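Participant: Sharing a model prediction with you, sequence too.
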Amino acid sequence: MSLPTEPIGSIPRTPALIDAMRSFAAGRIDQADLARAGDDAVRETIAALEATGSPVVTDGEQTKPSFATYPIHGLPNLEAGGVTIPFADGHTRQLPRLSAGPFRYRMYASTYFEAAKRYAHRPLKQAVISSSALSLLYPTDGLAGYAREVFLDDLVREAEADIRRALDAGASTVQIDFTEGRLAVKLDPSLGLLRSFIALNNRVLGRFSDAERQRLGVHTCPGGDHDSTHSADVDYAQLLPSLFELRVRTFYVQLASEPDRPRVLRLIKAHLQPSQRVFVGVTDPINPRVETPEAIRDRAIEAARLLPIEQLGTTDDCGFAPFADDTSTARETAFAKIRARVEGNELASRELGI
C-alpha cells in the first residue's frame, strides 16, 4: 500500500480539440463535429493519465469552458462587468455579473463525468466549482425583485445538486475548487469575506450525510493562470484555520511552490482534524521544469515528518490549465510532471515503509 496520490483536474487540451474549437468559432465545422473532437480528447487524456500510473484520473477538463464558469456558460441573465481578479503579472480575469433572477445552473459537472466514465479504468474524480466563487456573480448594488438572500438560497440548492449528481454518477471523489479562499483574504484583510465564504460552503455541505462527505474534498491554491497567481502573497496562516472548518474529509493544498514549506506544514498540523486527510502539493504546474521523482520523494517525506502518515497524500499544486489556458504549459510537460509525482510518491512510500 502506498501514500494516496491524485491529480487536481485540468490538463491542456489536445491539439486536435484546440483546432476543432477554432474551426467551430470560424463556422467551418458544426456542433456535432466539435462534440466528437471533445470526446476524442477526453478519451485520449484519460488514457494518457492512466499510462502515467496515476491511481485516480480525471477528464482533464477538456470540454469545460473554465473550471469556474462551466455551470453558467451561456446563461441569458448574465452581463459583463463582474468581479475582476488581478494576477501578479498584471493580467486579469473578469467574472460576469447576474443581470436578473432567478439563478439556475445551465450545466452540471455530472455531464462531464458521464462522458468520461466510459473510458476510465480507474477511479474517476470530478471537480466542481464552489458556491462561494459563484456568489461573486451577484451585483454589489443588488437586483430589483431578486434579493441577495433569495439568490443565495437558489445558489445553495444548485451547488448541492451539482455535487450530488456527480456522487450519484459514481465519482470516487467530488473536489470543490476553492481557489478564491486565499483571494478573499487579499480582498478583505479583516477576514470577513473569508468567513462568509466558509459559512456559505458549509451551508451546502450540511445538506450531505457524514458518509457522503467522506467522498468530498476541497482544493485551495493561490490561483494559476498564464504562469501567474492572484494571491500567493497572502499568508497561509490567515487561510488555513478557516479552511479546515469546511465539512469535508479531504483537502488538497498547494505547497510545492511555497517559499517556506515546513512553516506551512506546521500550520496544517496545527489545524488538521483527526477525521481529515490532506493531499499536499508536490509538483508546481507553473514552473516549466519537470520535477524528478527523487525531488517528489523528498517533498513527500518532508510532509510525513510533520503530518500523520495515515492522514497524508500527494497531489499537484493546481490544475495545469484551470482557465482553459492551453498554451502556458505544454500538455507533454503536464503528463511528465504527473508521472514524476506518481513515481516519486511510490519512492516515498517505500522509504516510509508503507
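Facilitator: That came through fine.
Participant: Give the buried residues for the worst-scoring helix or strand of the chain on mean pLDDT.
Facilitator: Across the helices and strands of the chain, mean pLDDT, DSSP states H and E gives its lowest value to strand 84-86, namely a mean of 84. In terms of neighbour count (16 or more other CB atoms under 10 Å), strand 84-86 has its buried residues at 85, 86. C-betas here are computed from N, CA, C, even on glycine.
Participant: Walk me through which strands it pairs with, and which way each runs.
Facilitator: With DSSP bridges as the test, strand 84-86 is paired with strand 92-94 (antiparallel).
Participant: helix or strand right after the strand it pairs with?
Facilitator: Proceeding N to C from strand 92-94, the next assigned helix or strand is strand 97-98, under DSSP states H and E.
Participant: Report the distance from that next one to the chain centre.
Facilitator: Centroid separation for strand 97-98 versus its chain: 22 Å, with CA atoms, centre = their mean, to the nearest Å.
Participant: do stretch 70-86 as well
Facilitator: 19 Å.
Participant: got a list of contacts for that stretch?
Facilitator: By CB atoms under 8 Å, 6 or more residues apart in numbering, the surrounding residues in contact with stretch 70-86 are 64-66, 92-101, 103-109, 112, 129, 134, 136-137, 158, 162, 183, 223, 230.
Participant: Between its first and last residues, how far does it reach?
Facilitator: One end of stretch 70-86 sits 21 Å from the other (CA to CA, to the nearest Å).
Participant: mind listing what's buried in that stretch?
Facilitator: For stretch 70-86, by 16+ other CB under 10 Å, it's 70, 71, 72, 75, 77, 78, 82, 83, 85, 86.
Participant: Kindly report the same for stretch 160-175.
Facilitator: In terms of neighbour count (16+ other CB under 10 Å), stretch 160-175 has its buried residues at 160-167, 169, 171-175.
Participant: Now, the residues you listed that are in strands?
Facilitator: Applying DSSP state E to the buried residues of stretch 160-175, the entries found in strands are 174, 175.
Participant: and the buried residues of stretch 160-175 as CSV, adding pLDDT and distance to residue 32?
Facilitator: As requested, those are exported to CSV (pLDDT from 0 to 100; distance: CB to CB, whole Å):
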residue, pLDDT, distance to residue 32
160, 98, 33
161, 98, 28
162, 98, 26
163, 98, 30
164, 98, 30
165, 98, 25
166, 98, 26
167, 98, 30
169, 98, 24
171, 98, 27
172, 98, 31
173, 97, 32
174, 98, 30
175, 98, 30
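Participant: In terms of distance to residue 206, which of the buried residues of stretch 160-175 ranks first?
Facilitator: Nearest to residue 206 out of the buried residues of stretch 160-175 is residue 160 (CB to CB; 9.4 Å).
Participant: Can you tell me the element the nearest residue to the closest one once chain neighbours are set aside falls in?
Facilitator: Closest residue to residue 160 apart from its sequence neighbours, by CB to CB, 6 or more residues apart in numbering: residue 207 at 4.8 Å. Element membership for residue 207 (DSSP H and E) is empty, with no helix or strand holding it.
Participant: Is residue 207 in contact with residue 161, as I believe?
Facilitator: No. Using CB atoms under 8 Å, residue 207 is not in contact with residue 161; the gap is 9.7 Å.
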